[in-house]
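> one predicted model, sequence on top.
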Amino acid sequence: MNVNEIIDFYHEFQIQYLNARKIELDEAKSKLFSELKEVVAKSKDRTQNQAAFYNQLIQSQTRNKDRNTDVGSISIRQFPTDGLQNSGAAVTTSAYPNLQVNRILQ
């Protein structure tokens, strides 16, 4: 083999290697794009489901808020267990924002 034949053989080898590598990369790219399409489709489904969930949650909270506006003050009297005559309280929860908490000292 002369020098030109060796150079031609080397170039042919490089071309074959690069073509094989290009095929591998094209297959990997195709696989990644199909996986990306699946992820995007799942994300769209999840987003639509989240929108429906939050819409139902907001409607439920609105209904509860409307129901709670009619509630007046509620007091639960606590009597002392230690024999002291200074404990009494009005008890409420944060679920009823219109209710007032009062501490009664006797």
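Nice, thanks for sending it over.

> give me the buried positions along stretch 31-41.
Residues of stretch 31-41 classed as buried by neighbour count (16 or more other Cβ atoms under 10 Å): none. Yep, even glycine has a C-beta here, placed from its N, CA and C like the rest.

> in this structure, which spans are helices?
When assigned using DSSP state H, the helices of the chain occupy the ranges 3-68.

> state the number of residues packed around Tyr10.
Other residues within reach of Tyr10, judged by other Cβ atoms under 10 Å, total 10.

> how does this structure divide into domains?
Domain assignment of the chain by automatic domain parsing yields the ranges 1-70, 73-106.

> by mean pLDDT, show me the worst of those.
Out of the domains of the chain, domain 73-106 stands lowest, with a mean of 50 (criterion: mean pLDDT).

> ok, now how distant is Asp45 from Ile23?
Using Cβ to Cβ, to the nearest Å, one obtains 34 Å as the distance from Asp45 to Ile23.

> next, count neighbours for Asp45.
Counted with other Cβ under 10 Å, the neighbours of Asp45 add up to 10.

> can you check Tyr54 too?
By the other Cβ under 10 Å criterion, the neighbourhood of Tyr54 contains 10 residues.

> what does Asn55 give?
The burial count assigned to Asn55 is 10, neighbours taken as other Cβ under 10 Å.

> ok, now how distant is Ser43 from Asn49?
Relative to Asn49, Ser43 is positioned 11 Å away (Cβ to Cβ).

> joint contacts of these two?
Shared contacts of Ser43 and Asn49, defined by Cβ atoms under 8 Å, 6 or more residues apart in numbering, are not found at any residue.
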